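1. From the sequence below, what's the structure:
(2 chains)
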Number of protein chains: 2
Amino acid sequence: MKLTRLADYAVRAIVHLATKSDGEMTTIAEIAERQGIPASFLAKVMQALSRGGIVNAHRGKSGGFSLVDAPENVTIRMIVEAVEGPINLNRCLLKPGECDRDFFCGAHPVWREAQDALFAVLDKYTAAEMAKSQIENIRKQPEG
Amino acid sequence: MKLTRLADYAVRAIVHLATKSDGEMTTIAEIAERQGIPASFLAKVMQALSRGGIVNAHRGKSGGFSLVDAPENVTIRMIVEAVEGPINLNRCLLKPGECDRDFFCGAHPVWREAQDALFAVLDKYTAAEMAKSQIENIRKQPEG
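-> Numbering: from 1, shown residues only, chains lettered A, B, ... in the order given. Now for the predicted structure:
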């Protein structure tokens, strides 16, 4: 029960894009350096985010990536699901009847409640809020 | 971000043992049949639960498995962690300083809050409660 590295890096990359002014493009090199993500792996992350409809990829010399939507509208769950697919804590939550035991199983409602609790947090925080807290935290650091 | 099949089956097996009277032994064959778990895989599950200190394995002709502790004391989180190891939703939660960005990262506190919300549910429900609800649900079914 663990986030993939792809999703971990995807969240970091989107938080970085959300620290930028509206629609500003950012290069892979900058995201990799500022977010501590191996550049080779980051290319895959950005591809997945582009396919998932979270970022626009701009080609060419002055190209890069920008957010499709305002960071206020992008929750952490949207980022994770864009690259990992829908979160299902247990396979019995995929859809009603996916497991033929779900109508009596004593564990099924517990998995449902656990997933709802997880979603409540992941639906609450947006890229905008995470970027704001990150910028504030960096400002608070003593200069090295 | 998904439970392993090992942990899914481990929870089912423990719920089954918790439906039994105190200390009653149960065979692999019975657990497999009643909980819909492939017997070959269940052997691995029970081994993991034995190593994790959740069940006692009794050898011999009249052998089988029983719970080490009273089902009221066994939470669903204890079962999952016995077979999967400690739950860490993201690798940055493993220990303070595991990720050198955790003091400023905007996502880190969100992962922490998500994990705490998940733990609140998984620490709340015991094998005894899940077994009780399962027995009641089966009783409510119309006879076939």
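2. low-confidence ranges in chain A?
-> Scanning chain A for pLDDT under 70 picks out the ranges A:143-144.
3. can you rerun that using 90?
-> A:1-2, A:21-24, A:36, A:39-40, A:59-63, A:95-104, A:140-144 (pLDDT under 90).
4. buried sites along the strand or helix carrying residue A:31?
-> Here residue A:31, judged by DSSP states H and E, is contained in helix A:28-35. With burial defined by 16 or more other CB atoms under 10 Å in any protein chain shown, the residues of helix A:28-35 counted as buried are A:28, A:31-32, A:35. In this view, the C-beta of every residue, glycine as well, is placed from N, C-alpha and C.
5. Turn the residues you listed into TSV, columns for distance to chain B.
-> Compiled in TSV, those are given as follows (distance: CB to the nearest CB, whole Å):
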residue	distance to chain B
A:28	18
A:31	14
A:32	14
A:35	8
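6. where along chain A do the strands fall?
-> A:55-58, A:64-67 (DSSP state E).
7. Return the list of strands paired to the first one, each annotated with direction.
-> Here strand A:55-58 has these sheet partners by DSSP bridges: strand A:64-67 (antiparallel).
8. outside of the partner strand, which residues touch it?
-> Under the contact criterion CB atoms under 8 Å, 6 or more residues apart in numbering or on different chains, strand A:64-67 has outside partners A:13-14, A:17-18, A:20, A:23-28, A:30-31, A:46, A:49-50, A:54-58, A:74, A:127.
9. Repeat that for stretch A:31-51.
-> A:5-6, A:9-10, A:12-17, A:28-29, A:55-57, A:65, A:79, A:82-83, B:100-101.
10. Pull out the buried residues from that stretch.
-> Buried residues in stretch A:31-51 (16+ other CB under 10 Å): A:31-32, A:35, A:37, A:42, A:45-46, A:48-49.
11. re the thing from before, out of the contacts of stretch A:31-51, which end up buried?
-> A:9-10, A:12-17, A:28, A:55, A:65, A:79, A:82-83.
12. Spit out the contact partners of residue A:119.
-> With contact taken as CB under 8 Å, 6+ apart, residue A:119 is in contact with A:77, A:87.
13. Nearest spatial neighbour of the residue of chain A most remote from its centre, chain-adjacent residues omitted?
-> No residue in chain A sits farther from the centre than residue A:104, which is 34.5 Å out by CA atoms, centre = their mean. Leaving aside its sequence neighbours, residue A:104 sits nearest to residue B:137 (CB to CB, 6 or more residues apart in numbering or on different chains; 3.9 Å).
14. distance of the residue most central in space within chain A from residue A:54?
-> In chain A, the residue lying closest to the centroid (CA atoms, centre = their mean) is residue A:79, at 2.8 Å. Separation of residue A:79 from residue A:54 (CB to CB, to the nearest Å): 6 Å.
15. shared neighbours, these two?
-> Going by CB under 8 Å, 6+ apart, residues that sit against residue A:79 and also against residue A:54 are A:10, A:14.
16. Residue A:128 contacts residue A:69, correct?
-> No - assessed by CB atoms under 8 Å, residue A:128 is found out of contact with residue A:69, at 10.5 Å.
17. which of those two has more neighbours?
-> residue A:128 (19 against 12; other CB atoms under 10 Å in any protein chain shown).
18. Run through the residues that contact that one.
-> A:18, A:70-72, A:74.
19. Can you say which of these are buried?
-> Using 16+ other CB under 10 Å, the buried ones in the contacts of residue A:128 are A:18, A:71, A:74.
20. burial measure for the residue lying closest to residue A:98 once chain neighbours are set aside, as a count.
-> Leaving aside its sequence neighbours, residue A:98 sits nearest to residue A:92 (CB to CB, 6+ apart; 5.9 Å). Residues contacting residue A:92 under the criterion other CB under 10 Å number 21.
21. I'd assumed residue A:108 was in contact with residue A:92.
-> Yes - using CB under 8 Å, residue A:92 is in contact with residue A:108, at 5.5 Å.
22. Need the overlap of contacts for the two.
-> A:99, A:101-102.
23. any idea how far residue A:74 is from residue A:129?
-> Where residue A:74 is concerned, residue A:129 sits at a distance of 10 Å (CB to CB).
24. do residue A:88 as well
-> Counting by CB to CB, the gap from residue A:88 to residue A:74 is 21 Å.
25. Cheers, nothing more for now.
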